[in-house]
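Visitor: Compute the structure for the input listed below.
(chains A and B)
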Number of protein chains: 2
Amino acid sequence: MSSVILYASKQIFKRALKNDDELDTDPDVSTPDEDPLEDTNPVENEIFSSWALFILLFLLCSALWSSYFLQQRRIKAIHETVLSIFYGMIVGLIIRISPGHYIQDAVKFNLGYFFNILLPPIILNSGYELHQANFFRNLGSILTFAIPGTFISALVLGIILYIWTALGLDGVSLEFVDALAVGATLSATDPVTILSIFNAYKVDPKLYTIIFGESLLNDAISIVMFETCQKFHGHPVKFSSFFEGIGLFLMTFTISTIIGILIGILVALILKHSHIRRYPQIETCLVLLFAYESYFFSNGAHMSGIVSLLFCGITLKHYAYFNMSRRTQIATKYIFQLLAQLSENFIFIYLGLSLFTEVELVFKPLLIIVTFILICVARWSAVFPLSRFLNFLYKARFEKFNNRLASNGGISSQSLPDEIGHSYQMMIFWAGLRGAVGVALAMGIQGDAKWTLLATVLVVVVLTVILFGGTTASMLEILGIKIGCVDENDNSDDEFDIEAPQLPLNVMGNRKLQQPANNVRYQSGVYNDDSIRSRTGSNVSLSSIKASNDSSASVNDVDEFNTDGVDDLFPNSSGNPPIDTSNPETAHAAAVALANNSSSGVLGAFLSAEEHAKWFTRFDEQVLKPVLLDKLPNQHKRNDNGNSDGDV
Amino acid sequence: MSSVILYASKQIFKRALKNDDELDTDPDVSTPDEDPLEDTNPVENEIFSSWALFILLFLLCSALWSSYFLQQRRIKAIHETVLSIFYGMIVGLIIRISPGHYIQDAVKFNLGYFFNILLPPIILNSGYELHQANFFRNLGSILTFAIPGTFISALVLGIILYIWTALGLDGVSLEFVDALAVGATLSATDPVTILSIFNAYKVDPKLYTIIFGESLLNDAISIVMFETCQKFHGHPVKFSSFFEGIGLFLMTFTISTIIGILIGILVALILKHSHIRRYPQIETCLVLLFAYESYFFSNGAHMSGIVSLLFCGITLKHYAYFNMSRRTQIATKYIFQLLAQLSENFIFIYLGLSLFTEVELVFKPLLIIVTFILICVARWSAVFPLSRFLNFLYKARFEKFNNRLASNGGISSQSLPDEIGHSYQMMIFWAGLRGAVGVALAMGIQGDAKWTLLATVLVVVVLTVILFGGTTASMLEILGIKIGCVDENDNSDDEFDIEAPQLPLNVMGNRKLQQPANNVRYQSGVYNDDSIRSRTGSNVSLSSIKASNDSSASVNDVDEFNTDGVDDLFPNSSGNPPIDTSNPETAHAAAVALANNSSSGVLGAFLSAEEHAKWFTRFDEQVLKPVLLDKLPNQHKRNDNGNSDGDV
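Guide: As a prediction, the model looks like this:
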């Protein structure tokens, strides 16, 4: 037996260490019709890919364990993402200097793996876990930073980079469109990094939502810009191309959103009109598959899979979630979270690894330094002017609102805080780390300078994560931004879901029936009360929302009907307007609240809702929910169409 | 706007339909230093792989939907696996005849994907969901069919195939080792197929366990045999190689098992001695990752990943499960189930697709027919002699047992039923469908006949699934085998877990303290009672187990301490032997039960436990559980070593 073991261990080591370049000593001559590329035995390849995967999973374990350790010891100076990158770099270095290139090839950054395996779970989970009220309340700011912001950043970066390379100090020559492509590549701030860091620190939801939303959406803009630039590679650039690009982007964004929402609605309808909830295992699979379908369909149709998947996730949570069996509700949450967590950690490791395992890279230190400075300049010139623009817009609106108040007999004009204060502007600037999306795009760069540019992008991305990511905690402290905020979603957290006895849905329905009216009264009271008592003032919007949620969210997360939609502040379905602006007392309370705030979530919500959200909320309550949901929260609106009774 | 949409849709269709062979009309001349293999734009490739994934996911959705539909309408004539293969074939045909080879390449059967992505979740879930008591009770039969069975099957198939090809009717010439390799390839009965079909029909647990256990383990044997044969490719075969092969296999099997168990124990210890349960998201990830590590480590070390992962899953469920936070317990269950379900469905689709998307295949109808007949012959010559051998062994044991009973003053010898009755033998033969493991192995075949053999294996595998799989239901009926058995595991099913209020663990501990003694008394009573009342007799072992479980399994699945281990029939920890053979009354009852049974689960368990399980059960209760578990079911044995108090 021992001789067998000896023999086998020899075999193992021989094979594990064998370089593919060394020919097998076996006289393997009788294989004339084999593909020359497949001259290694598939079983051998299998062994090497097993080792590669073993190493990657080991790194993932280490990263997760470090994350646990850091959280356990409450160490905030070092962040897990930075550690992940370092682990990746160390192992990448070891793989690089060890003999054999098979494992090195296997752990290389693969564009397909990134876009098809690693990215979707993160986006899907973002959409599914998104605090919808916050997101839609800040949609204006998000879109402003995402769309014109990315354009400005890419243009600034592209133009200066083009000028720099034209000087010829690095021996790199770039076409203008290629420089713009690099600009687009490096303008995609990364949802992964931001999510991970901000979630860990539990930053003020408003700031969190703006930065997170921007970073999610600007990937889409970057990708479209990059593809547009690539199309003009080797062609003369016309001025009209600029507008063509903008048109293309707007179309992409709109269609992608529609695709995502339609697929989400489709799932809600399928769940409603079938008995599939009796087979929760199949149900869970189908929900996951449909969400992925939206991503791949959108990508395949040259749209933005990220945008589709994000909106599909949001729609799933807003409608389909309430048609699922209880098991599927829990299973989808857990599964999306697990997949997202694994992907996030993996992406950082992958980035660290790539620095050493991509052998063709050409590193030009000067170019890297210049590019790094340039991305700061580009982000600066996008964030600060746009913030000022938003503040200006907001002031103009406030004037209008104030005038209306005054004409209704209310109080007169107040001094106004900024929509996005200086510390927030600084943080948005600081949070502009670049991530794996940039690297993935950079792999598509064509031309002579391909490997130089890829190396530059890779190093710059890693640098931003290490420098900006590693100092985010200190920066939050320096800027005095509130961290450690309890997310309102925590009320419906998972431990709670499981441990709480589940109330039957129709009981929910009855409770819900009485809820909206209560909510309104409670809410307007809170505005008055809370804002006067608040001293820091910067999170009144948060606390008032929390207070209004506390009354309803303490039993079960079916209550997310109330807390998760855009409708929680404006329960129009109950008939009364939420805060009657013609009532001087309420209006006065609101205005006082505003005056005492440095942040303006209340007013922001107030104004945007007044103009945008009302019609959608009414449409949602009166048309969409009755059509899409199986059991309505308001039972008197329940449509008994006969085939929606298939409950377990 | 409409012109933009028009432009974009033109772009989409142009790109989607574009054949890679057709050159882009853009003058793409400025890329001299690019890899000739990467002449397509990565972004373009991305689009095509998106379509490929979209198609695959769409097929998966269709298969799952069909599965729901079939279950909903209670259609048993057609099975979902057969439908999955057909869907795969139809879409494979469409892809084959449509222009462009990129999607065709992308959906090809990929060895690496199969072994690294699709197979592990299925095996892990099998180990995690395995009914441990059943598995260990039938371990003897399982190992007999798995090890010598696969050897016999591969030898018979290999020898006859070698003789057939030597006749030269097909123009295929094979070395003897290649013929043996094909034999090994086609001797791997597939866990996927069996699991899927038998789970759907809820076959008698004993038969289910034997067939399922065999099919899980014989993959390992096939792989080792195949690799051994491949090693001798081009060499003269010596007789000693035969024994070398056997030695290699035994070593592989043992080491793989040890790796799996050690990693399972490692996870249990980590969970016990850390506070990681406070971070259930990280905990869930780590459990999953460690399980995968066992698979890849084992594969990388030239051991059998399947065996390691299976035993890792079993160990995780037996020890680590009880150290997890509640959220992780539920999350791991759901996640393993989801991944396994998706993989299972996907593998069938993949097989169907491969028939048309593997372009190099050479189909030889005569060879295919001969091989199909041969696998039936080979399986026949493995199953029936070995069953007779098992029955013989069992009879010999029974004589011994009976003699001992007689010498103790009990009743005299009885006529004896078979361990594996004829209908069971027939079913084991019939359930020998081949699956994707065979196809994956066949991709490693070397030599001139590679593509012919691969085509043959592929067609034969699909044929077995369609013919045997499609007729399993009718066969079960014809043979009169009990289907629709309620799995004991169902008591701890997920819906129940969630909806039930969770009792604190120390309450569990107290209840548990009184359980074993009750169990013993109840059980021996059941033997007496149930066996006299039973008419069919073929599932007394099942019903008595169920009865004994019913007393404990109705509250919570922490009770799996009792129902899931090998220890449920023999709670030696309570001090009294379970069924006292020196007590004539109990012994009489047991003997009557045996005499009235055609099946013999009771006796099998009785004998094997008497000889094998006792020492392990005692060791498990007295050493392993105190060391590995955080909270012991028996509180008086609890070791308060201070660092196990990290509860959420």
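Visitor: what's the neighbour count on A:Lys400?
Guide: Close neighbours of A:Lys400, defined as other CB atoms under 10 Å in any protein chain shown, add up to 11. From N, CA and C alone the C-beta is placed, and that goes for glycine too.
Visitor: Surely A:Gln337 and B:Gln281 touch.
Guide: Yes: applying CB atoms under 8 Å, one finds A:Gln337 in contact with B:Gln281, separated by 6.0 Å.
Visitor: Can you tell me how far A:Cys285 is from B:Leu441?
Guide: Distance from A:Cys285 to B:Leu441, counting by CB to CB, to the nearest Å: 28 Å.
Visitor: mind giving me the domain split of chain A?
Guide: A:119-479, A:509-637 (automatic domain parsing).
Visitor: What average pLDDT does the helix or strand containing A:Asn402 get?
Guide: Using DSSP states H and E, A:Asn402 sits within helix A:365-407. The predicted model assigns helix A:365-407 a mean pLDDT of 86.
Visitor: export the domains of chain A to a markdown table and tack on distance to chain B?
Guide: Shown next, in a markdown table, are the domains of chain A (distance: least, CB to the nearest CB, whole Å):
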| stretch | distance to chain B |
| --- | --- |
| domain A:119-479 | 4 |
| domain A:509-637 | 13 |
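Visitor: right, so these: which one is the most enclosed?
Guide: Ranked by mean neighbour count, the domains of chain A are led by domain A:119-479 with a mean of 21 (mean count of other CB atoms under 10 Å in any protein chain shown).
Visitor: circling back to that earlier point, ok, then the element right after the helix holding A:Asn402?
Guide: Next along the chain after helix A:365-407, taking DSSP H and E as the criterion, comes helix A:422-430.
Visitor: residue contacts, A:Asp219?
Guide: For A:Asp219, the contact set (CB atoms under 8 Å, 6 or more residues apart in numbering or on different chains) comprises A:Ala188, A:Asp190, A:Pro191, A:Ser304, A:Ile306, A:Val437.
Visitor: Could you do A:Ile445 as well?
Guide: Taking CB under 8 Å, 6+ apart as the definition, contacts of A:Ile445 comprise A:Asp178, A:Ala181, A:Val182, A:Thr185, A:Leu453, A:Leu454.
Visitor: Any chance of the residues you listed in CSV with pLDDT as columns?
Guide: As requested, those are exported to CSV (pLDDT from 0 to 100):
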residue, pLDDT
A:Asp178, 85
A:Ala181, 88
A:Val182, 89
A:Thr185, 88
A:Leu453, 88
A:Leu454, 87
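Visitor: Can you tell me which of those residues end up in helices?
Guide: If you go by DSSP state H, the contacts of A:Ile445 have A:Asp178, A:Ala181, A:Val182, A:Thr185, A:Leu453, A:Leu454 in helices.
Visitor: Touching, the fourth one and A:Met443? I think so.
Guide: This points to A:Thr185. No: counting by CB under 8 Å, A:Thr185 sits too far from A:Met443 to count as a contact (9.6 Å).
Visitor: Name the nearest of the contacts of A:Ile445 relative to A:Tyr321.
Guide: A:Thr185 (35.7 Å; CB to CB).
Visitor: In which helix or strand does the nearest residue to the closest one once chain neighbours are set aside reside?
Guide: Leaving aside its sequence neighbours, A:Thr185 sits nearest to A:Leu441 (CB to CB, 6 or more residues apart in numbering or on different chains; 4.5 Å). For A:Leu441, the element it lies in under DSSP H and E is helix A:436-442.
Visitor: And the contacts of that helix?
Guide: Contacts for helix A:436-442 (CB under 8 Å, 6+ apart): A:109, A:111, A:114-115, A:118-119, A:182, A:184-186, A:188, A:190, A:192, A:219, A:222-223, A:226, A:347, A:350-351, A:354, A:453-454, A:457-458, A:461.
Visitor: let's see it at 7 Å
Guide: Applying CB atoms under 7 Å, 6 or more residues apart in numbering or on different chains, the contact partners of helix A:436-442 are A:109, A:111, A:114-115, A:185-186, A:188, A:190, A:192, A:219, A:222-223, A:226, A:347, A:350-351, A:453-454, A:457-458, A:461.
Visitor: low-confidence ranges in chain A?
Guide: Low-confidence segments of chain A (pLDDT under 70): A:1-44, A:76-77, A:191-196, A:234-237, A:408-417, A:486-614, A:632-648.
Visitor: Repeat the analysis, applying 50 as the threshold.
Guide: Across chain A, residues meeting the criterion (pLDDT under 50) sit at A:1-39, A:488-610, A:635-648.
Visitor: A:Ile160 and B:Thr471: what is the separation?
Guide: Going from A:Ile160 to B:Thr471 by CB to CB gives 72 Å.
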